[in-house]
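**Student:** Here is my input; please provide its structure:
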Amino acid sequence: MKTTTKTFLQSKLENKKLSMLTAYDYTTAKLIDGAGVDAILVGDSLGMVMLGYENTLSVTLEDMIYHTKAVKRGVERALIVADMPFMSYHISVGESIKNAGRLLKEGGAEAVKIEGGKDFIPQIEGIIKAGIPVMGHLGLTPQSIHKLGGYKVQGKRIEGAKRLLEDAYALQESGVFSIVLECVPHILSEHIAKNLDIPVIGIGAGGGVDGQILVYADVFGMYENVRPKFVKQYVDIGAKMKETVKKYIEEVQLGTFPEEVHSYKMDEGILEELIREYIK
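**Tutor:** So this is what the prediction gives:
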């Protein structure tokens, strides 16, 4: 059955935990979707994981549309959520609606994710009124990394915790269908999840929320630049890939690859005829 925003809300009511992973290309999306994940986020984390940027700030709307289109081709079941990148929803309500619309119309997304709380309520409400589902994102918001002073846990002190709680209620009131909480103390995340009617998806927010999301490259050990504390690496595919490439290089150099089984055949008589014709 196809996962929708209504599925998210129903899962909250049934106390069923939701699973999300990122994906940025057709092949990965197809594998993840086939495994049964509830939703796939085409995150602006692709700037770091796929494009090699230092952070997410350089990611453009065109980047997001391009990668969302690729993911869309590989997905049958999961809900596809696309991040709205830095400065795509900061200028005006009208421009925000237009950019969100492009992620759906051109990219094939089924919802968009927006970082930030009360400051962006006008944009969020405008996008929702245009018929576009919105997922909120609070806590550590990577697009605000310079404002936050780095990748730090949010809401540890009373002022920050109060702001997070107020922003969460404001987002729910605006009509978002779910909220991501990133790098938030687990007892605060659990409190927020219990007091909201919409699902709260955690990343570094403990197990007391309604679901979890991770970057697939972290799960598979494929991204070495950063290893956040909250990541559980289920398998080290990165190391296995390096080992495999080294084996390939060795066999090429030794001449043991390709073998006959990897080669195509033709009648030797044709080659002899060709050579005779060439000599003439």
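
**Student:** all helices for the protein, in order.
**Tutor:** Listed from the start of the chain, the chain has helices (DSSP state H) covering 5-13, 26-35, 46-49, 61-74, 93-105, 121-129, 145-148, 158-174, 186-195, 216-219, 237-254, 268-279.

**Student:** so can I have CSV of those helices showing mean pLDDT, distance to residue 111 and mean neighbour count?
**Tutor:** Every residue, glycine included, has its C-beta placed from N, CA and C. As requested, the helices of the chain are exported to CSV (pLDDT from 0 to 100; distance: least, C-beta to C-beta, whole Å; neighbours: other C-beta atoms under 10 Å):
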stretch, mean pLDDT, distance to residue 111, mean neighbour count
helix 5-13, 97, 6, 17
helix 26-35, 98, 15, 17
helix 46-49, 96, 17, 22
helix 61-74, 98, 11, 20
helix 93-105, 98, 8, 19
helix 121-129, 98, 10, 20
helix 145-148, 84, 24, 12
helix 158-174, 97, 14, 17
helix 186-195, 98, 19, 18
helix 216-219, 96, 19, 22
helix 237-254, 97, 28, 11
helix 268-279, 89, 58, 9
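
**Student:** Mind putting those helices into a markdown table with distance to residue 139?
**Tutor:** Compiled in a markdown table, the helices of the chain are given as follows (distance: least, C-beta to C-beta, whole Å):
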| stretch | distance to residue 139 |
| --- | --- |
| helix 5-13 | 19 |
| helix 26-35 | 24 |
| helix 46-49 | 18 |
| helix 61-74 | 21 |
| helix 93-105 | 21 |
| helix 121-129 | 17 |
| helix 145-148 | 10 |
| helix 158-174 | 7 |
| helix 186-195 | 8 |
| helix 216-219 | 17 |
| helix 237-254 | 27 |
| helix 268-279 | 67 |
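
**Student:** Quick check: residue 138 touching residue 170?
**Tutor:** No: with contact defined as C-beta atoms under 8 Å, residue 138 and residue 170 do not form a contacting pair (9.8 Å).

**Student:** overlap in contacts of these two?
**Tutor:** residue 117 (C-beta atoms under 8 Å, 6 or more residues apart in numbering).

**Student:** mind checking how far residue 221 is from residue 232?
**Tutor:** Residue 221 sits 11 Å away from residue 232, taking C-beta to C-beta, to the nearest Å as the criterion.

**Student:** between the two, who's got more neighbours?
**Tutor:** The residue with more neighbours, out of residue 221 and residue 232, is residue 221; 18 against 8, by other C-beta atoms under 10 Å.

**Student:** Can you give me the end-to-end span of stretch 250-262?
**Tutor:** Between the start and the finish of stretch 250-262 there is a gap of 17 Å, counting by C-alpha to C-alpha, to the nearest Å.
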